[in-house]
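Asker: build the 3D model from these lines:
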Amino acid sequence: MTHNGNILVVDDEPEVLKNCENILRHEGYSIDCAAGKNDAIASLQNKDYDIAITDIDLPESGGVEVIKWINNSKPGTGVIVTTDSPSQDSIKEIIKLGILDYLPKPFAPVILADAASKAVKFIRERQSSEENAVETAVESKYGELEKIIARYRGIGGGLIPVLQKAQELIGYLPPPVIRKIAKGMNIPVAEVHGVVSFYSFFSMKPKGKHVIKVCLGTACYVKRAEEILQKLKEILNIDVEEITEDMRFSLESVRCLGACGLAPVVVIDNDTHASVNPVKTSDILAAYE
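Answerer: Residues are numbered from 1 along each chain as shown. Modelled structure (predicted):
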């Protein structure tokens, strides 16, 4: 069967999950299902999805929490919302969350399939456009990259030094660079991507002079870490995985920094800021201006 994309369906009604799964599998998508907020976030942490289709009316504002988590941690994932209460006011609030589409329940199979198709197409086109922009920005350095690859081609264990020197040259390892390295070293792209993903010192995203990491692990989350992250986004005028125009700061959210007793935690470069007061978020940036 044709694989048209990865979709996560989130709903607390088993029958809805089953119906959505059957409809979308028939359309050629790879489908995972989550019965609530926690299951959804766990799935999103472990796998990349083109889109998530989530019920906005999950218990304890779970639908909204799922969307906010995606916006903060997986901004490349598109969101379609389903809802039992499609009032004008609720729709306006939903749209503010940056969703791609909304489907009032109950919806016909053809409506779901059409919405999923349009959303996945939009996400794929956006990703392609972003990659083209990246390739244009770094292509002037491809000559030097070819020299690096040639130096280590055919040498056992040569991939790691190639990646290290490529990151020193370009600043990070975007997909176009990974593909060029894979082709030049005669190694599968998946293998190169796996190495880059495994080692924390490699990055597929550009980074600023100062890298800010906000922990969204459970201990930090319950102590208003999301509010800290939101304030940093407003102060720096960037989103997660973005970099400020002056290249001074980049912003990341992480699952856990292993310092739960110090929650909420923000790490800037190698400095750990413990028990951060969300109200005083701006204060921790002062030393890095």
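Asker: how about stretch 267-281: buried residues?
Answerer: Applying a neighbour-count criterion of 16 or more other Cβ atoms under 10 Å, one finds 267-268, 273, 276, 281 buried in stretch 267-281. C-beta coordinates here come from the backbone N, C-alpha and C atoms, glycine included.
Asker: cool, stretch 224-239 as well?
Answerer: Neighbour-count burial for stretch 224-239 [16+ other Cβ under 10 Å]: 224-226, 228-233, 236, 238.
Asker: among those, which one sits closest to Pro206?
Answerer: For the buried residues of stretch 224-239, the closest approach to Pro206 (Cβ to Cβ) belongs to Ile238, at 11.4 Å.
Asker: quick check: domain ranges of the protein?
Answerer: By the assignment in automatic domain parsing, the chain contains the domains 6-107, 138-198, 210-288.
Asker: off-centre distance for the longest one?
Answerer: Pointing back at domain 6-107 there. Computed by Cα atoms, centre = their mean, to the nearest Å, the separation of domain 6-107 from the middle of its chain amounts to 15 Å.
Asker: let's have the chain start at 16 instead
Answerer: In the new count, where the first residue is 16, that last one comes out as domain 21-122.
Asker: one step back: and the buried residues of stretch 239-254, which of them are in helices?
Answerer: 240-241, 243-248, 251 (DSSP state H).
Asker: ok, back up a step: for the domains of the chain, give me TSV that also has mean pLDDT and distance to Asn147.
Answerer: Compiled in TSV, the domains of the chain are given as follows (pLDDT from 0 to 100; distance: least, Cβ to Cβ, whole Å):
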stretch	mean pLDDT	distance to Asn147
domain 21-122	89	15
domain 153-213	91	9
domain 225-303	90	18
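Asker: those into JSON lines, with extra columns for distance to Lys133?
Answerer: Below are the domains of the chain laid out as JSON lines (distance: least, Cβ to Cβ, whole Å):
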{"stretch": "domain 21-122", "distance to Lys133": "7"}
{"stretch": "domain 153-213", "distance to Lys133": "24"}
{"stretch": "domain 225-303", "distance to Lys133": "23"}
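Asker: out of those domains, which gets nearest to Ile138?
Answerer: domain 21-122 (4.5 Å).
Asker: which residues are in contact with Glu150?
Answerer: Contacts for Glu150 (Cβ atoms under 8 Å, 6 or more residues apart in numbering) come out as 189, 191.
Asker: rerun at 7 Å
Answerer: When contacts are counted by Cβ atoms under 7 Å, 6 or more residues apart in numbering, Glu150 touches Pro191.
Asker: picking up where we left off before, of all the domains of the chain, which one comes closest to Ser143?
Answerer: domain 153-213 (10.3 Å).
Asker: what is the helix or strand hosting Ala181 packed up against?
Answerer: Using DSSP states H and E, Ala181 sits in helix 174-185. Counting contacts by 3 or more Cβ pairs under 7 Å, 6 or more residues apart in numbering; DSSP states H and E, helix 174-185 is packed against helix 157-167, helix 190-200, helix 204-213.
Asker: need the residues that contact that helix.
Answerer: 153, 156, 159-160, 163-164, 167, 188, 192, 196, 200, 202, 207, 210-211, 217.
Asker: give me that answer again for 8 Å
Answerer: Residues outside helix 174-185 that contact it (Cβ under 8 Å, 6+ apart) are 153, 156, 159-160, 163-164, 167, 188, 192, 196, 200, 202, 206-207, 210-211, 217-218.
Asker: what does stretch 262-269 give?
Answerer: Residues contacting stretch 262-269 (Cβ under 8 Å, 6+ apart): 87-88, 220-232, 244, 247-248, 251, 253-259, 300, 303.
Asker: buried residues of that stretch, list them for me.
Answerer: Quick answer for stretch 262-269 (16+ other Cβ under 10 Å): 264-268.
Asker: quick check, nearest of these to Thr98?
Answerer: Relative to Thr98, the closest of those is Ser268; by Cβ to Cβ it sits at 26.5 Å.
Asker: hey, C-alpha coordinates of whichever helix or strand that closest one is part of in CSV?
Answerer: Here Ser268 sits within strand 264-269, counting by DSSP H and E. Backbone C-alpha positions of strand 264-269 (Å, rounded to 0.1, in the frame of the first residue of the first chain) are rendered in CSV as follows:
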residue,chain,number,x,y,z
PHE,A,264,19.9,33.5,20.9
SER,A,265,18.3,30.2,19.8
LEU,A,266,15.5,28.6,21.8
GLU,A,267,14.9,24.9,22.5
SER,A,268,12.5,22.9,24.6
VAL,A,269,13.7,19.5,26.0
